[in-house]
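No letters, just coordinates:
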DNA sequence: AATTGCCCTTAACAATTTCATAATTGGTGC
DNA sequence: GCACCAATTATGAAATTGTTAAGGGCAATT
């Protein structure tokens, strides 16, 4: 339940502020990166694909609003959280900032604690069904990593076969949602391949067996769903 | 694409503020309800199951923080957005508010436009995150979710069979409207299939039984309708 | 090249659940 | 009391899923 994998990028041209914020967010368990101007912010954002970007508005090279606008046009940053942190407290600036697609607009000066609280509040909202970065799913004590192709339950690594893995990954990608048998066939087996009805059941069974968890629920006549 | 189905509950003891905010949120397409004290806020929240609750902190009967704490302990309000709107601008109040589980903390006075922008920002993030609440029916204490294929009554999850679910969903999709038996047969069973008349009755019975609610009214000689 | 082992699929059967029908009961209006 | 309609109950058939076992195919190993 730690924030260890959560990456935050802070862009501000005042080194003092960068340092203070970085320190406080670090203490909370976040991994923090910094940038000193708009261009650097864009570059680093693309490098590290952060979960949250805190942008000062008045920065050299490119101001924060421009950075935000650019980021929001790119699909990979569509779901990235953005907070404006700025000394500009007038109404039109705030309106513009929020309407640009930011998730919060905070006025300087602000106490580090308060900022951390706001950051936590934002993450609290979306962390529910979060996929951390590159397709790694983490749901409580269950980790599903399609890159390393491994599944962990309470730090115990469990080997799954390919189909089993794909099936589990599909279900776990949208916890709670019911996948129709046809959907599963299309996603995991592909539209062309034709397999019998029992094939899915057998794989479900093996997954349940190997994981030792009761995390897959049957919805009779409909399909299956992943539920913690 | 409109905010028409989004319900917002505002709780404040100052009628002027209620009116101004209500007007502005209405203009944006939201459906707005109001409450004048903490108890009323709780009551109305349970009645209308809003998507967002804007809470003044200093209110009669129960203050906003208490209301928020109570709501957050109940699963049905786990995903409900909460904004504190208050004249208390000191740091400890803000910290306490955000840590209670609120999603935003806004100081009075605030321009209506800015508030609307913040509300929009919150909704923008939510609908993006938790997959279009497409087809999820919320009627007071009853939630019918065809994606998760579950029905909740007062936080109790109830498992329905396929036909039962489809039938309930059909009726609940237009509360108050009477569905003729033929309509029901066509929608749920399809035009081709031919089943006896009593089949519908039996399923209605099971739904009533499982829900434990008297929400389906019989219209003799005509059909059935959903009413809460 | 043969063997081994694992993965995937299928088949067969058991267990469970759902669904439709029939029969019975209860209420309401004429 | 009769006719009608819906609610209820019971029941068996049908559909769906769980479970187990077994065989084919592919890849790695010997």
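Good, I have the coordinates. Note that the structure is predicted; figures quoted are calculated from it, not measured.

tell me which helix or strand of chain A sits lowest on mean pLDDT?
Between all helices and strands in chain A, the lowest mean by mean pLDDT, DSSP states H and E belongs to strand A:131-132, at a mean of 52.

Is residue A:35 in contact with residue A:8, as I believe?
No - using C-beta atoms under 8 Å, residue A:35 is not in contact with residue A:8; the gap is 11.4 Å. Backbone N, C-alpha and C define where each C-beta goes, glycine included.

contacting residues for residue A:212?
Listed by C-beta atoms under 8 Å, 6 or more residues apart in numbering or on different chains, the contact set of residue A:212 reads residue A:153.

What's the separation between the residue in chain A sticking out farthest from the centre and residue A:202?
Distance from the C-alpha centroid of chain A, by C-alpha atoms, centre = their mean, peaks at residue A:196 (36.1 Å). For residue A:196, the distance to residue A:202 equals 10 Å [C-beta to C-beta, to the nearest Å].

for residue A:70, same thing?
To residue A:202, residue A:70 is 49 Å away according to C-beta to C-beta.

Same check on residue A:125?
Counting by C-beta to C-beta - residue A:125 and residue A:202 are separated by 39 Å.

So for these two, which sits in the more crowded spot?
Neighbour comparison, residue A:125 and residue A:202: the larger count goes to residue A:125, with 18 against 12 (by other C-beta atoms under 10 Å in any protein chain shown).

quick one: which helix or strand includes that one?
helix A:112-126 (DSSP states H and E).

Give me the average confidence score over that helix.
Average pLDDT, helix A:112-126: 90.

try stretch A:208-216
Here the average pLDDT along stretch A:208-216 is 91.

Near chain B, which residues of chain A are found?
A:78-79, A:81, A:91, A:94-95, A:98-99, A:101-105, A:111, A:113-114, A:117-118, A:120-122, A:124-126, A:128-129, A:174, A:176-178, A:219-222, A:225 (C-beta under 8 Å from any C-beta of the partner chain).

out of the residues you listed, who's near DNA strand D?
Among the residues of chain A next to chain B, proximity to DNA strand D is found for A:219-222 (C-beta under 7 Å from any atom of the strand).

Mind checking which of those residues are in strands?
With strands taken from DSSP state E, the overlap with these comprises residue A:219.

ok, the ones next to DNA strand D among the residues of chain A next to chain B vs DNA strand C, which is closest?
Here the nearest of these to DNA strand C, counting by C-beta to the nearest atom of the strand, is residue A:220; it sits at 4.6 Å.

pLDDT wise, what is residue A:133 at?
pLDDT, residue A:133: 51.

near DNA strand D, which residues of chain A?
For chain A, the contact set with DNA strand D under C-beta under 7 Å from any atom of the strand comprises A:181, A:197-198, A:201-202, A:204-205, A:208, A:218-223.

what packs against whichever strand or helix holds residue A:54?
In this structure, residue A:54 is located in strand A:52-55 according to DSSP H and E. Strand A:52-55 is packed against strand A:7-11, helix A:38-48, helix A:64-73, strand A:81-86, helix A:112-126, with contacts defined by 3 or more C-beta pairs under 8 Å, 6 or more residues apart in numbering or on different chains; DSSP states H and E.

hang on, the earlier thing: strand A:81-86 and the helix holding residue A:125, what's the angle between them?
Helix A:112-126 runs at 160 degrees relative to strand A:81-86, counting by axes from the mean of the first three to the mean of the last three C-alpha atoms, to 10 degrees.

what does helix A:112-126 rub up against?
So helix A:112-126 is contacted by A:3, A:6, A:8, A:20-21, A:23-25, A:28, A:30, A:51-52, A:54, A:79, A:81, A:83, A:85, A:103-104, A:106, B:91, B:94-95, B:98-99, B:101-105, B:125-126, B:129 (C-beta under 8 Å, 6+ apart).

Settle this for me: residue A:141 is touching residue A:156, isn't it.
No - look at residue A:141 against residue A:156 with C-beta under 8 Å: they stay out of range, at 9.5 Å.

so where's chain A uncertain?
By pLDDT under 70, the low-scoring segments of chain A are A:1-4, A:127-134.

Would you point out which residue of it is nearest DNA strand C?
Going by C-beta to the nearest atom of the strand, DNA strand C is nearest to residue A:161 of chain A, at 2.6 Å.

ok, for that residue, nearest residue in space, not its chain neighbours?
Among residues not flanking residue A:161 along the chain, residue A:206 sits closest, at 7.6 Å (C-beta to C-beta, 6 or more residues apart in numbering or on different chains).

Surely the one you found touches residue A:164?
Yes - at 5.7 Å, residue A:206 counts as touching residue A:164 under the criterion of C-beta under 8 Å.

which one of these two has more residues nearby?
The neighbour comparison of residue A:206 against residue A:164 (other C-beta under 10 Å) goes to residue A:164, with 22 against 16.

which helices and strands sit right next to the helix or strand hosting that one?
According to DSSP H and E, residue A:164 maps onto helix A:162-173. Helices and strands touching helix A:162-173, as assessed by 3+ C-beta pairs under 8 Å, 6+ apart, comprise strand A:136-139, strand A:142-145, helix A:198-211, strand A:223-226.

winner for burial among the ones you listed?
strand A:223-226 (a mean of 21; mean count of other C-beta atoms under 10 Å in any protein chain shown).

Say whether DNA strand C is contacted by it.
No - Strand A:223-226 stays clear of DNA strand C (C-beta under 7 Å from any atom of the strand), getting no nearer than 13.2 Å.

which neighbours does that strand have in its sheet, and in what orientation?
In the sheet, strand A:223-226 lines up against strand A:178-180 (antiparallel), strand A:216-219 (antiparallel) (DSSP bridges).

so can I have TSV of the ones you listed showing mean neighbour count?
Converted to TSV, those look like this (neighbours: other C-beta atoms under 10 Å in any protein chain shown):
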stretch	mean neighbour count
strand A:178-180	19
strand A:216-219	16
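
Turn these into JSON lines, columns for distance to DNA strand C.
Output for the strands paired with strand A:223-226, formatted as JSON lines (distance: least, C-beta to the nearest atom of the strand, whole Å):
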{"stretch": "strand A:178-180", "distance to DNA strand C": "13"}
{"stretch": "strand A:216-219", "distance to DNA strand C": "9"}
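
so which of these gets nearest residue B:191?
Counting by C-beta to C-beta, residue B:191 lies closest to strand A:178-180 out of the strands paired with strand A:223-226; the figure is 21.9 Å.

contacts for that closest one?
A:170-171, A:187, A:219, A:222-225, B:147-149.

Residue A:8: neighbour count?
Residue A:8: 25 neighbours (other C-beta under 10 Å).

Filter the ones next to DNA strand D among the residues of chain A next to chain B down to the buried ones and express that as a PyMOL selection.
Entered in PyMOL, the line below selects the buried ones among these, by 16 or more other C-beta atoms under 10 Å in any protein chain shown:
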select buried, chain A and resi 219+222
